[in-house]
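Colleague: The amino acid sequence is not available; the structure is as follows:
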């Protein structure tokens, strides 16, 4: 898969009250090609998704943009102002997080997204920026001093070392004003590592720094698919959302694509996830409430998010080469993951404690009975009683899948226009 690198930075804009969350977000990215060269003065297409719970979570909001990079390869967009694909930005319940931002970019300006990155949106910036945005407007007034007394401590700003929150005086506010460049000092160059240890120095693209109490420590950039976690206050890159079967040695995602969480039971509805037609990209059709159409697609990308019903295949001419490996066309899995083969599903099934739905849930993968979407109508069926999981393998005009219910489990073949669950395996 062609791989590009992006340097991402989000700036949050808030409403008037401190307790409110961002109504829009300004987002910037520097686009580089596989050789590390900037992609400059070129139209690119971007799709932004807000994911809930994890990097593999369900999309609660999706929008698209078309922009032109500048001479430095920089592109700027406002999240919340794009062409809406799914959900509403104002309808996101930020208290129900964590949330993650997924960016997909097509450097040719279309919707063939070859650049993918996902990172967590932390709750701290919402509160911090919201509070500061209301205080730092115009001149510092006496009424704002009272607000700052409740807001600033030596934990939130090292220049206040030795003062308690209630002990901040007007002179302290003036000193903080000078050190941080307010008013007449805005261009005086006060923001340095000496005056403000929250200003990191010496990083390169992808690196981060944290203050260990004495010095800045550089954290190297992580691998694709990793997230930054903390152990004892120290940031560490780790792969999130994986589970390993100790018998087969295979590593899988710990939940179905689109699921909100790891299954707590075989019938945990929040763990059911999406239902894909075999070989289709994650274009929205996989959502259980997506629209329907009976018009087949003549290409690998239908160009819409409707479930195509009434046919044996959603594509007019079958293509056996879809979903084949991590670089396969329309592979819906995150970077580094792919659809399992039918042989890999069989190997997993043979390690279960029982050859049925109970064994599927008791296995390391905790597979739920998510049901399926019927090809003839697009309606849901067998939800809570059957599990159907696609493989990447084909069999004549059919595709192979893992199926199980309360009495049996097997690997079989069926028509590709059905909507089945997807569980990704690490390549």
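Modeller: That came in fine, so what should we check first? Being a predicted model, the structure only gives us computed values, none of them experimental.

Colleague: pLDDT value on residue 184, please?
Modeller: In this prediction, residue 184 carries a pLDDT score of 40.

Colleague: Can you give me the end-to-end span of stretch 273-287?
Modeller: End-to-end distance for stretch 273-287: 8 Å, by CA to CA, to the nearest Å.

Colleague: what's the spacing between that stretch and its chain's center?
Modeller: Centroid separation between stretch 273-287 and its chain, computed with CA atoms, centre = their mean, to the nearest Å, is 17 Å.

Colleague: taking the mean pLDDT, what do you get for that stretch?
Modeller: Stretch 273-287 comes out at a mean pLDDT of 96.

Colleague: same question, stretch 387-397
Modeller: 97.

Colleague: Please apply the same query to stretch 110-126.
Modeller: The model assigns stretch 110-126 a mean pLDDT of 69.

Colleague: So for stretch 295-314, first residue to last residue, what's the gap.
Modeller: Distance across stretch 295-314, first residue to last, is 8 Å (CA to CA).

Colleague: Which residues does it contact?
Modeller: Outside of stretch 295-314, the residues within contact range by CB atoms under 8 Å, 6 or more residues apart in numbering are 85-86, 111-112, 277, 279-281, 283-285, 287, 290-294, 315-317, 319, 322, 329-330, 373-378, 397, 415-417, 419. (Glycine included, C-beta is placed from N, CA and C.)

Colleague: Check stretch 252-263 too.
Modeller: 52-54, 56-59, 241-245, 268, 270-274, 276, 282, 286-287, 332-334, 337, 340, 361, 364-368, 370, 421-426.

Colleague: can you do 6 Å?
Modeller: Stretch 252-263 is contacted from outside by 53, 56, 58, 241, 243, 270-271, 273-274, 365-366, 368, 421-425, using CB atoms under 6 Å, 6 or more residues apart in numbering.

Colleague: Equivalent analysis for stretch 275-284, please.
Modeller: Applying CB under 6 Å, 6+ apart, the contact partners of stretch 275-284 are 286, 290, 305, 314, 322-323, 330, 332, 373, 390, 399, 416-417, 419, 422.

Colleague: Now for these: which two are most distant?
Modeller: Greatest spacing in these, by CB to CB: 305 and 399 (20.9 Å).

Colleague: More neighbours: the two, which one.
Modeller: residue 399 (27 against 19; other CB atoms under 10 Å).

Colleague: Return the distance of that one relative to residue 335.
Modeller: 23 Å (CB to CB, to the nearest Å).

Colleague: picking up where we left off before, just the buried ones from the contacts of stretch 252-263?
Modeller: Buried members of these, scored by 16 or more other CB atoms under 10 Å, are 53, 56, 58, 241, 271, 273-274, 365-366, 368, 421-425.

Colleague: In strands, which of the residues you listed appear?
Modeller: Residues of the buried ones among the contacts of stretch 252-263 located in strands (DSSP state E): residue 425.

Colleague: So for the closest residue to residue 74 other than its chain neighbours, what pLDDT did the model give?
Modeller: Nearest non-adjacent residue to residue 74, counting by CB to CB, 6 or more residues apart in numbering: residue 30, 5.4 Å away. The per-residue pLDDT reported for residue 30 equals 78.

Colleague: swap in residue 220?
Modeller: 82.

Colleague: Please name the nearest non-neighbouring residue to it.
Modeller: Residue 220's closest residue in space is residue 207 (CB to CB, 6+ apart), at 6.0 Å.

Colleague: how would you label residue 95: helix, strand or coil?
Modeller: What DSSP: H, G, I helix; E, B strand; the rest coil gives for residue 95 is helix.

Colleague: how many neighbours does it have?
Modeller: Here the number of neighbours of residue 95 (other CB under 10 Å) works out to 7.

Colleague: can you pull up the bridge partners for residue 399?
Modeller: On the basis of DSSP bridges, residue 399 takes part in beta bridges with residue 394, residue 414.

Colleague: I figured it hits residue 416, correct?
Modeller: Yes. Using CB atoms under 6 Å, residue 399 is in contact with residue 416, at 5.0 Å.

Colleague: got the contact list for residue 321?
Modeller: No residues are in contact with residue 321 under the rule CB under 6 Å, 6+ apart.

Colleague: Please tell me how far it sits from residue 338.
Modeller: Computed with CB to CB, the distance linking residue 321 and residue 338 is 13 Å.

Colleague: Low-confidence regions, the stretch 201-350 of the chain specifically.
Modeller: 201-203, 224-233, 236-240 (pLDDT under 70).

Colleague: What ranges does it have for its strands?
Modeller: Applying DSSP state E, counting those that start in this stretch to the stretch 201-350 of the chain gives strands spanning 208-211, 216-219, 226-231, 234-239, 242-244, 251-253, 276-277, 292-293, 307-308, 337-338.

Colleague: among those strands, which is nearest residue 346?
Modeller: strand 251-253 (14.6 Å).

Colleague: now that closest one, how far from the centre of its chain.
Modeller: Taking mean C-alpha positions (CA atoms, centre = their mean), strand 251-253 and its chain are 17 Å apart.

Colleague: Same check on stretch 306-321?
Modeller: On the basis of CA atoms, centre = their mean, stretch 306-321 sits 28 Å off its chain's mean C-alpha point.

Colleague: Residue numbering should commence at 11 henceforth.
Modeller: All right, first residue 11 from here; so that's stretch 316-331.
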